[in-house]
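Q: Following is a predicted model, sequence given first.
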Amino acid sequence: MTNKKEIFAGIIIIGNEILSGRTQDTNTSTLSIWLNSLGIKVQEVRTIPDIEKTIISTVNELRKKYDYIFTSGGIGPTHDDITASSISKAFNLKYGPHEEAMSILEKYYKPGEFNEGRQKMAWMPTVANLILNPTSGAPGFNVENVYCLPGVPSILKSMIGGISHKLIGGNPILSHTINLRTVESEIAESLSNVQMNNKSVEIGSYPFFRAGKLGVAIVLRGDQQSKIDKCNTEIIKFVKEKNIEIVEKD
C-alpha cells in the first residue's frame, strides 16, 4: 500500500462563553474524532474571543500553516456573532446577504418569521460555498480551506457529515488503548524504549482514577494496523515482565 501524503488541520473555537467557562467546549472532540476518521491530523486547537482583529489574525495565520481550518461559533443571529464578517475581511471578500443562504432560510421559516435577526444568519462572504444544516436551517460556509461551523454542538455534529466528501484525507488514523493498573513512573523508561523503536506510532500515556484505584491508559495511534500491533506486542511483553495488571474495559 502506498502511503498517502499527511494532511493536517487546525481548529479555532470562537466565543467568549467558552473562555469564561459558562459553556463547555465539546466541538474540539467531535471535530478531531471525525477528522481522524478521514485521515486528517489535527495539529493545533485555539480558543479565541469574539474580537474581530483576533479572529482575522488567527484565521490568516493558521490557514497558511495547515491544509484545512475549521472554526466553531459566532455565525448566529446576535450582535456578538461576528465570525462571518471577520472571515470576509480575512479574505478581502464582500460581506453581505448570500443569495442561496437567503433562499434556504426564507423557505425554512414560516411567512413573517424570517426577521432581521434571522436574516443576519445569511450574511457571509457572498461568494462562499454553503455547508447545509439539516437541524436548524441556517447554513455554515467555507472559503478556500476554511470551514465555518456553528457553536451549538448538536447542530455542528449534524453538519459535518455533509462535507466529508469535500475533504481530501490521508490514511485514516487508527488507535488502540491498553489500560494498566500502574503509575506512569513505573513504565516511563520501558515505554520510551518502545517509542524509540516505533517512531511511526504515536504513544500517549494518560493517568486515570477508576474504582478507587490509579491506572494508566496507553493509547497507540497510527495509520497502519500492523505497526500498531507490533507496538502493542512490545508493550504487553514488558507489562508481563513487570507483573503489571491489565485492566479490562468496563
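A: Right, received. Where do you want to start? Residues are numbered from 1 along each chain as shown.
Q: For stretch 22-35, buried residues please.
A: Asp25, Asn27, Thr28, Thr30, Leu31, Ser32, Trp34, Leu35 (16 or more other Cβ atoms under 10 Å). (Each C-beta comes from the backbone N, C-alpha and C, glycine too.)
Q: Which parts of this structure are strands?
A: Assignment of strands within the chain using DSSP state E yields the ranges 7-14, 40-48, 68-72, 95-97, 123-125, 129-131, 140-143, 146-149, 174-181, 202-210, 213-222, 245-246.
Q: Could you identify which of those is most buried?
A: Highest mean neighbour count of the strands of the chain: strand 68-72, a mean of 28 (counted as mean count of other Cβ atoms under 10 Å).
Q: how far off strand 7-14 does that strand point, in degrees?
A: Strand 68-72 runs at 20 degrees relative to strand 7-14, counting by axes from the mean of the first three to the mean of the last three Cα atoms, to 10 degrees.
Q: and strand 68-72, what other elements does it pack with?
A: Contact analysis of strand 68-72 by 3 or more Cβ pairs under 8 Å, 6 or more residues apart in numbering; DSSP states H and E lists strand 7-14, helix 27-37, helix 52-65, strand 146-149 as its packing neighbours.
Q: buried residues in the longest one?
A: Residues of helix 52-65 classed as buried under the neighbour-count rule (16+ other Cβ under 10 Å) are Ile55, Ile56, Thr58, Val59, Glu61, Leu62, Arg63.
Q: could I get these as a markdown table with pLDDT and distance to Ala90?
A: Below are the buried residues of helix 52-65 laid out as a markdown table (pLDDT from 0 to 100; distance: Cβ to Cβ, whole Å):
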| residue | pLDDT | distance to Ala90 |
| --- | --- | --- |
| Ile55 | 97 | 7 |
| Ile56 | 98 | 5 |
| Thr58 | 98 | 9 |
| Val59 | 98 | 5 |
| Glu61 | 98 | 10 |
| Leu62 | 98 | 11 |
| Arg63 | 97 | 8 |
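Q: Closest one to Gln43 out of those, please.
A: The shortest approach to Gln43 among these belongs to Leu62, at 9.3 Å (Cβ to Cβ).
Q: Show the low-confidence segments of this structure, by residue range.
A: The chain contains residues with pLDDT under 70 at 1-4, 249-250.
Q: Please parse it into its domains.
A: The record assigns the chain these domain ranges, following automatic domain parsing: 7-166, 174-246.
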